[in-house]
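Participant: When you get a sec, could you give me coordinates for this:
(chains A, B, C and D)
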Protein chains: 2
Amino acid sequence: MDTIEGAGDALPADVLNPNCPSRVIFQRIGDKWASLVVQVLADGPVRFSDLRKMVSVVTPKVLTQTLRSLERDGLVTRTIHAQVPPRVDYELTELGRSLLEPLAQLRQWAESHVPAILAARDAYDDAQDEALLG
Amino acid sequence: MDTIEGAGDALPADVLNPNCPSRVIFQRIGDKWASLVVQVLADGPVRFSDLRKMVSVVTPKVLTQTLRSLERDGLVTRTIHAQVPPRVDYELTELGRSLLEPLAQLRQWAESHVPAILAARDAYDDAQDEALLG
DNA sequence: AAAGACGGTATCTATTTGATACTGATAGCT
DNA sequence: AGCTATCAGTATCAAATAGATACCGTCTTT
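Facilitator: Next up is the predicted model:
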């Protein structure tokens, strides 16, 4: 397989090509809200208003955008129930569910390394302050 | 542990709290360029200009921003060599290296599911077009 | 008749990202 | 001496994205 010079063999050249599909997908996973929504849907269908409560502080516009793109990518289904008041359920597809495991591992990493990262931030910011104040 | 009502027990309430540290970290991981840079640094130190070539299309400003925040979070070190022309090497810290594994798994997922996602996109877009054209 | 639940959309502003041009130090060439 | 190139970034401005806030239509309940 082709590799980028200097990058070693671990990373296929593809990932670095801006037109490469896996890069596109990596950006979807990296979307600010998408991975959070996926995890919230882990246990079954959730309706729009409940999603808003669970993924607090997200505005309805942005939540809609997020859900639309997840739907477009086949990770989530949207089901309208003909009721009043309306009920729209969002649910993970098989594909969406398959994403839960790698996401959970990433979350695990995050949770176990939060202290180290926050400590690093504090140290860095302190150093910056000192440099500014002389 | 506290959980959000309706979310099941798999997801701790913390992750949904906007002030929760793990959410902050999740956004860093989800940063558009950060995870890419980390993976490019997997095999050892890389200098700024090489990073630009490898993570193609990223502008120097954005690359600098990305590197600064990775440095702040203790994932990357920045070493200036007193040379001319200047040489600045970026290298993963132990903490940064520990992120490689979960990232690799995510990438693996991405690569093996690209076809399904692209197919879903095409189908979705076709359906949209049809709806518009009547 | 009035108010509320629900799933959004519309509009406007603030923040982030990106394109492009440029800087300062020095080395090597002519 | 003057010209050009390398390198690691900044500066400046435009474009895309995220976010705050207000509003809509349908129906039910009070």
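
Participant: Relative to chain B, how far out is A:E111?
Facilitator: For A:E111, the distance to chain B under the criterion CB to the nearest CB, to the nearest Å works out to 5 Å. (C-beta placed from N, C-alpha, C; glycine too.)

Participant: So which residues on chain A come close to DNA strand C?
Facilitator: Contacts of chain A with DNA strand C, taken as CB under 7 Å from any atom of the strand, map to A:47-50, A:59-61, A:64, A:78, A:84-88.

Participant: just curious, which of the residues you listed is nearest to chain B?
Facilitator: A:D50 (5.8 Å; CB to the nearest CB).

Participant: just to revisit the earlier point, filter the residues of chain A next to DNA strand C down to the ones in strands?
Facilitator: Among these, the ones falling in strands (DSSP state E) are A:47, A:78, A:87-88.

Participant: Please identify which pair of those residues lies farthest apart.
Facilitator: With distances taken as CB to CB, the most widely separated pair in those is A:R78 and A:R87, at 11.4 Å.

Participant: Just the buried ones out of the residues of chain A next to DNA strand C, please.
Facilitator: Neighbour-count burial (16 or more other CB atoms under 10 Å in any protein chain shown) applied to these gives A:48, A:50, A:88.

Participant: that's a strand at A:Y90, yeah?
Facilitator: Yes: the assignment for A:Y90 by DSSP: H, G, I helix; E, B strand; the rest coil puts it in a strand.

Participant: That one: what's it in contact with?
Facilitator: With contacts taken as CB atoms under 8 Å, 6 or more residues apart in numbering or on different chains, A:Y90 has the following neighbours: A:37, A:41, A:45-48, A:51, A:67, A:76-79.

Participant: and it, how far is that from B:A34?
Facilitator: Spatial separation of A:Y90 from B:A34 under the definition CB to CB, to the nearest Å is 28 Å.

Participant: just A:T59 next, same as before
Facilitator: Applying CB to CB, the value for A:T59 to B:A34 is 24 Å.

Participant: Is the helix ranked longest in chain A positioned near DNA strand D?
Facilitator: The residue-count maximum for a helix in chain A (DSSP state H) belongs to helix A:100-133. No: if you take CB under 7 Å from any atom of the strand as the test, helix A:100-133 misses DNA strand D, and the best it gets is 12.1 Å.

Participant: If we ignore the residues flanking it in sequence, what's nearest A:E91?
Facilitator: With CB to CB, 6 or more residues apart in numbering or on different chains as the measure, A:P45 is the residue that lies nearest to A:E91, at 3.9 Å, once sequence neighbours are left out.

Participant: That neighbour: what's it in contact with?
Facilitator: A:79, A:89-91.

Participant: Quickly find the element holding the spatially most central residue of chain A.
Facilitator: Against the mean C-alpha coordinate of chain A, by CA atoms, centre = their mean, the closest residue is A:S35 at 2.6 Å. Mapping A:S35 onto the secondary structure by DSSP states H and E places it in helix A:34-40.

Participant: got it, and A:S56?
Facilitator: When secondary structure is defined by DSSP H and E, A:S56 falls outside every helix and strand.

Participant: For the closest residue to A:L41 other than its chain neighbours, which residues count as its bridge partners?
Facilitator: In space, A:L41 comes closest to A:L92 once its chain neighbours are excluded; the distance is 4.8 Å by CB to CB, 6+ apart. With DSSP bridges applied, A:L92 shows beta-bridge pairing to A:V76.

Participant: picking up where we left off before, which one (most neighbours) among the contacts of A:P45?
Facilitator: Using other CB atoms under 10 Å in any protein chain shown as the contact criterion, the top neighbour count among those goes to A:Y90, which has 22 neighbours.

Participant: picking up where we left off before, now tell me which of the residues of chain A next to DNA strand C the prediction trusts least.
Facilitator: Here the lowest pLDDT out of these sits on A:V84, with 89.

Participant: Show the contacting residues for A:F48.
Facilitator: A:63, A:67, A:88, A:90.

Participant: could you redo the last one with a cut-off of 6 Å?
Facilitator: If a contact means CB atoms under 6 Å, 6 or more residues apart in numbering or on different chains, then A:F48 has A:V88 as its contacts.
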